[in-house]
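Q: Any chance you can model this:
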Amino acid sequence: MKNIVIKGLDTIDEAAKEFLQEIGDNKIIALYGSMGAGKTTFVTALCRVLGVEDVVNSPTFTIVNEYQTEEGEPVFHFDFYRIKSLREVEDLGFEEYVYSDCLCLMEWPEMIEEMLPEETVKVSISEQEDGTRLIKFI
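A: Predicted structure coming up:
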């Protein structure tokens, strides 16, 4: 898989389309990056490209948000930043989500690293000196 550069908000949807092509049939995506790197903004673009009409925002307090694509397929958006234990994630029914064959987009996956399935596509998002964002497959 090749790295993707987001030059600005005006090109983020094209980057999202390219990303979706790169991941192919993979459904479990772990998005690594520092605070403010653009993880939620990129998830919003991915959802927009998939035809999600709901407002997409970070599920920081709810841990998971569910959206529907234009085809009616669920997309699960996780934010593990505030979890205090893996038990919280287990109680949430995490395994049911990741083995549902639905797209799972996870922010702050380092908090649950040991629970990530082997097939998880790991991606880092980082801001470059010129203000662009680099999406790098790990």
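Q: Every contact and neighbour count from this point should use C-alpha atoms.
A: Will do.
Q: Work out for me the element the residue most central in space within the chain sits within.
A: Of all residues in the chain, the one closest to the mean position by Cα atoms, centre = their mean is L105, 3.0 Å from it. Here L105, judged by DSSP states H and E, is contained in strand 103-107.
Q: Please enumerate residues in contact with that strand?
A: 26-32, 39-40, 43, 74-81, 97-98 (Cα atoms under 8 Å, 6 or more residues apart in numbering).
Q: Quick check: neighbours of that strand in the sheet, parallel or antiparallel?
A: Paired strands of strand 103-107, with direction, are strand 28-32 (parallel), strand 74-79 (parallel) (DSSP bridges).
Q: okay, it in PDB with CA atoms only?
A: Taking Å, rounded to 0.1, in the frame of the first residue of the first chain, the C-alpha atoms of strand 103-107 are listed here in PDB:
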ATOM      1  CA  LEU A 103     -16.000  -0.800   8.300                       C
ATOM      2  CA  CYS A 104     -14.400   0.000  11.700                       C
ATOM      3  CA  LEU A 105     -12.400   3.200  11.900                       C
ATOM      4  CA  MET A 106     -10.500   3.500  15.200                       C
ATOM      5  CA  GLU A 107      -8.800   6.500  16.600                       C
END
